[in-house]
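[1] give me coordinates for this.
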Amino acid sequence: MKKLFLIVCLLIAHSSLLTAEDGMWIPMLLEQLNIKQMQDMGLRLSAEDIYSVNHSSLKDAIVQFGGGCTGEIISNEGLLLTNHHCGLGSVQRHSTLDHDYLKNGFWAATKGEELPNQGLTVTMLVRMEDVTSKVLSGVDETQSTLHRQRIIKQNIDALEKEAVRGTHFEARIRPFFYGNQYYLFVNEVFKDIRLVGAPPEAIGQFGGDTDNWMWPRHGADFSLFRIYVNKNNEPADYSKDNIPYQPKKFLSISLKGYAKGDFTFVFGYPGTTREYLTSSGVDLTAHKENPVRIALRKKRLDIMNEVMSSDQLVRLQYTSKHQAIANGWKKMIGESKGIDRLDGVQEKKEFEKRFQNWADRESITEENSGGGSRYKNLLAGFDETYRKNLKPDMASVYLTEAGMGIEIVKFAAGFRDLVKYSQNDTIMPADIRNRVDKLISAANGFYKDYSLKIDKEVFISMLEKMKVNMSAEYLPQQFLLIQKKYTGISEYANTVFRISVFTDSTRMKSFLGTYSSKKVKMLIKDPIFMLATSIYEKYEKDVVPKMTKFNAVIDSLQRIYMAGQMEMDKTRRFFPDANSTLRISYGKVDEYSPADGVNYAYYTTSKGILEKENPAVYDYAVDPRLKNLFIQKDFGRYKDQDGTLHVAFTASNHTTGGNSGSPVLNADGYLIGVNFDRNWEGTMSDLMYDPAQCRNITLDIRYCLFIIDKYAGAHNLVSEMRIIDK
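    Numbers count the residues shown, from 1 in each chain. A predicted model of the protein is given here:
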């Protein structure tokens, strides 16, 4: 308890070393930690206005969208705004060649036209609570890691169950500061989410992969959804009788705009950061894992690009898949470059020298008093653990990025449970049939968006990469068969793609439609299933146990290292790494200079869209109707004071994946933009934040409204919103 009290004190302590923009802060603790600084920077709200459990606050308008993005409620009828790339999967699933919503956009003129999305949910925070002492009850430093984890899990399970007893809410407890603190989150999960509107892909994703992670940007990266509930305004599964949600709070939208130096803050669900890694951890990510992942993804993207560029149907099928792969690919390139530019590994080592000197002094002090420092050998422990785990770590990268990156392999792996069911005499035929029915549903979705041409090329390329680059001890067993029976991967691919039941939707439909447990031998002997089983079993049996042990050791070391840093730097405020929980980050509208002699302005305008226009390149084609509005300068009420139509802007808010779709708010808490990216030079901010280079990229809300109102003519949607000029 004494140590926990020390950590709380350290959190509250003021830090002259803290940069104004650095950090993703817990909204519950704003009053204690941040509100004074935020108000000094220009905020005109109280902490209670932002987060409160006693009255409606801004938190009641913020949701986690689909588990991987953020959204905000912008009307009293549950209208929800997020990024285009966050809603892309829903738009794609509703698209056909006859109704190509990717190409043409989608706008529901009435609520009856809004489209349901099976499986899509949004999550809203009801309240959060510090439960550190309860979670750590019965835990002490003499216990083994396994025993400690067992006690913590038991405590968490009991606390989560008790927190939502008698309610329709859900609860989860998440660790902070690597298990030095724990917080309970009570959430409301909405299950009927309908697509309301999305601009054409050429507008929403203008610039495509070329502009992704880059500045300047000119995409209208937004989509609109609506939350539906039952008659009691509570979450419910989809029903035609459900009604639009009436929120406790929805965001007001400001048309005033912004200027350089204006205060802004981002409210959302950032995914993952690792700001407190050691030099060994940063080196592993930036110089060992990333280069391999980048090369493997680049090959997959090249194969997709070639086919998508010449086949309209394949473009529809693979737009969302391509975007998901490309997003991480380009981010990793920028991340590694950023670490090298900062000389990040060396910077971490310099900090570690200071930490080691402090730990050595503490050790002497404790030894003189009869104790011993747990920090003295900590860094050496990190280095040794990372060194010993390098081979299984790289095997994990190849198996997941290459082996499991082959679509047909990943799909076939989903049949392993059917094999187990079919070989178990105690499983009832009805249970097997239920499993088959689920696979039929999965197969319908899989083949709808599957290109055999793309996947066969990916299949050959990825297996070649694995064969050449993986340690022999981690190669799946099936590679021995390939080596014995075939002259190479290409011959193997030609054979298995010709005979496998998985590579033909008609064969698969017939197989599942007449399936009984007697057919299990046919499945077991299928060459694609054999490969999938070989890859997944190698990963699960040989790699996962080692990675699990490695992660447990690293997590234990990180917990101690985190506590040590807090003890050493008593005047520093520490923010917890992002972990997909609701956070506040704040900064100011600002430009940046990525290189000597180069300076980027802090906003872009519609002029830049016309300057980038290239009808011969899909990513830079400009819709004629939109172009005419630009040329005529028909911007309506959405033009800036300078007379131009602003498209996007940059600010120094600390963001990461998961912040996509987050509201960017001004000093009065009004919505001025939708966060959708970071600049490429700042993508290393998941590991190390550089205030000179790290910028979040935001869609100007006025350009968003311009597209909805002036371009799409969806006046019904604009009329729902509370739009103000101040």
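
[2] check residue 571 and give its pLDDT.
    Residue 571 carries a pLDDT value of 88.

[3] number of nearby residues for residue 715?
    Using other CB atoms under 10 Å, residue 715 has 11 other residues around it. C-betas here are computed from N, CA, C, even on glycine.

[4] how about it: what's its closest non-neighbour residue?
    residue 709 (6.4 Å; CB to CB, 6 or more residues apart in numbering).

[5] report the buried residues of stretch 424-433.
    Within stretch 424-433, the residues that count as buried by 16 or more other CB atoms under 10 Å are residue 432.

[6] also stretch 573-593?
    Within stretch 573-593, the residues scored as buried using 16+ other CB under 10 Å are 573-590, 592.

[7] just the residues you listed: which are in strands?
    583, 584, 585, 586, 587, 588, 592 (DSSP state E).

[8] closest to residue 471 out of those residues?
    Nearest to residue 471 out of those is residue 583 (CB to CB; 39.1 Å).

[9] quick one: secondary structure of residue 217?
    coil (DSSP: H, G, I helix; E, B strand; the rest coil).

[10] beta partners of the nearest residue to it once chain neighbours are set aside?
    Spatial nearest neighbour of residue 217, excluding adjacent residues (CB to CB, 6+ apart): residue 648 at 4.9 Å. Legend: beta-bridge partners of residue 648 under DSSP bridges are residue 604, residue 699.

[11] residue 648 - how many residues pack around it?
    When neighbours are counted by other CB under 10 Å, residue 648 registers 25.

[12] before we move on, what about the one 5 residues further on?
    By the criterion of other CB under 10 Å, residue 653 has 28 neighbours.

[13] can I assume it is in contact with residue 586?
    Yes. The pair residue 653 and residue 586 passes the contact test of CB atoms under 8 Å, sitting 6.2 Å apart.

[14] how about residue 304, what does it touch?
    318, 321, 322, 325, 454 (CB atoms under 8 Å, 6 or more residues apart in numbering).

[15] before we move on, what about residue 336?
    286, 287, 290, 291, 294, 684.

[16] any idea which helix or strand carries it?
    Following DSSP states H and E, one finds residue 336 within helix 312-342.

[17] looking at it, residue 355 is touching residue 566, isn't it?
    No. Applying CB under 8 Å, one finds residue 355 not in contact with residue 566, separated by 11.5 Å.

[18] now do the phi/psi pair for the residue nearest to residue 715.
    Its backbone dihedrals place residue 709 at phi -90, psi -60, with angles given as degrees, to the nearest 10.

[19] now do residue 182
    Torsion angles, degrees, to the nearest 10, at residue 182: phi -140, psi 140.

[20] neighbours around the nearest residue in space to it that is not next to it in sequence, how many?
    In space, and not counting its chain neighbours, residue 182 is closest to residue 135: 4.1 Å by CB to CB, 6+ apart. Residue 135 has 24 neighbours, counted by other CB under 10 Å.

[21] what of residue 484?
    Neighbours of residue 484 (other CB under 10 Å): 7.

[22] again with residue 645
    The number of residues near residue 645, taken as other CB under 10 Å, comes to 24.

[23] measure it to residue 406 for me?
    Applying CB to CB, to the nearest Å, the value for residue 645 to residue 406 is 44 Å.

[24] the closest residue to residue 726 other than its chain neighbours: what's it in contact with?
    Spatial nearest neighbour of residue 726, chain neighbours left out: residue 256 (5.5 Å); criterion: CB to CB, 6+ apart. Contacts for residue 256 (CB under 8 Å, 6+ apart) come out as 666, 670, 672, 725, 726.

[25] could you turn the buried ones of the residues you listed into a PyMOL selection?
    Of these, the buried ones go into a single PyMOL selection, burial set by 16+ other CB under 10 Å:
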select buried, resi 666+670+672
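
[26] in TSV, list the contacts of residue 256 along with pLDDT, distance to residue 657 and secondary structure.
    Below are those laid out as TSV (pLDDT from 0 to 100; distance: CB to CB, whole Å; DSSP: H, G, I helix; E, B strand; the rest coil):
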residue	pLDDT	distance to residue 657	secondary structure
666	98	24	coil
670	98	26	coil
672	98	22	strand
725	91	34	coil
726	80	33	coil
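
[27] mind checking which helix or strand residue 126 is in?
    Assigned by DSSP H and E, residue 126 falls in strand 122-130.

[28] before we move on, the earlier item: so which of the contacts of residue 336 are in helices?
    290, 291, 294 (DSSP state H).

[29] and those residues, which are buried?
    Listed as buried from the ones in helices among the contacts of residue 336 are 290, 294; burial here means 16+ other CB under 10 Å.

[30] adding pLDDT and distance to residue 84, write the ones in helices among the contacts of residue 336 out as CSV.
    CSV is the format used below for the ones in helices among the contacts of residue 336 (pLDDT from 0 to 100; distance: CB to CB, whole Å):
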residue, pLDDT, distance to residue 84
290, 98, 27
291, 98, 30
294, 98, 25
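
[31] quick one, helices of the stretch 101-250 of the chain?
    101-104, 132-135, 145-163, 201-204, 208-211 (DSSP state H, counting those that start in this stretch).

[32] got the buried residues for the last one?
    Of the residues in helix 208-211, those buried by neighbour count under the rule 16+ other CB under 10 Å are 208, 209, 211.

[33] which one of those sits closest to residue 436?
    residue 209 (38.7 Å).

[34] doesn't residue 330 make contact with that closest one?
    Yes. Using CB under 8 Å, residue 209 is in contact with residue 330, at 7.0 Å.

[35] make TSV out of the ones in helices among the contacts of residue 336 and add distance to residue 437.
    Converted to TSV, those look like this (distance: CB to CB, whole Å):
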residue	distance to residue 437
290	41
291	43
294	40
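
[36] ok, so of the ones in helices among the contacts of residue 336, who is nearest residue 659?
    Among the ones in helices among the contacts of residue 336, and counting by CB to CB, the member closest to residue 659 is residue 290, at 20.8 Å.

[37] look up how far residue 389 lies from the closest one.
    17 Å.

[38] my guess is residue 609 contacts residue 206. True?
    Yes. Taking CB under 8 Å as the definition, residue 609 is a contact partner of residue 206 at 6.6 Å.

[39] more neighbours, these two?
    Set side by side, residue 609 and residue 206 show more neighbours around residue 206, with 27 against 24, by other CB under 10 Å.

[40] the more buried one reaches residue 608, doesn't it?
    No. Look at residue 206 against residue 608 with CB under 8 Å: they stay out of range, at 9.8 Å.

[41] are there residues contacting both of those two? Which ones?
    residue 218.

[42] remind me which residues of the stretch 251-400 of the chain are low pLDDT?
    Regions of the stretch 251-400 of the chain meeting the criterion pLDDT under 70 cover residues 366-372.

[43] nothing else from me, thank you.
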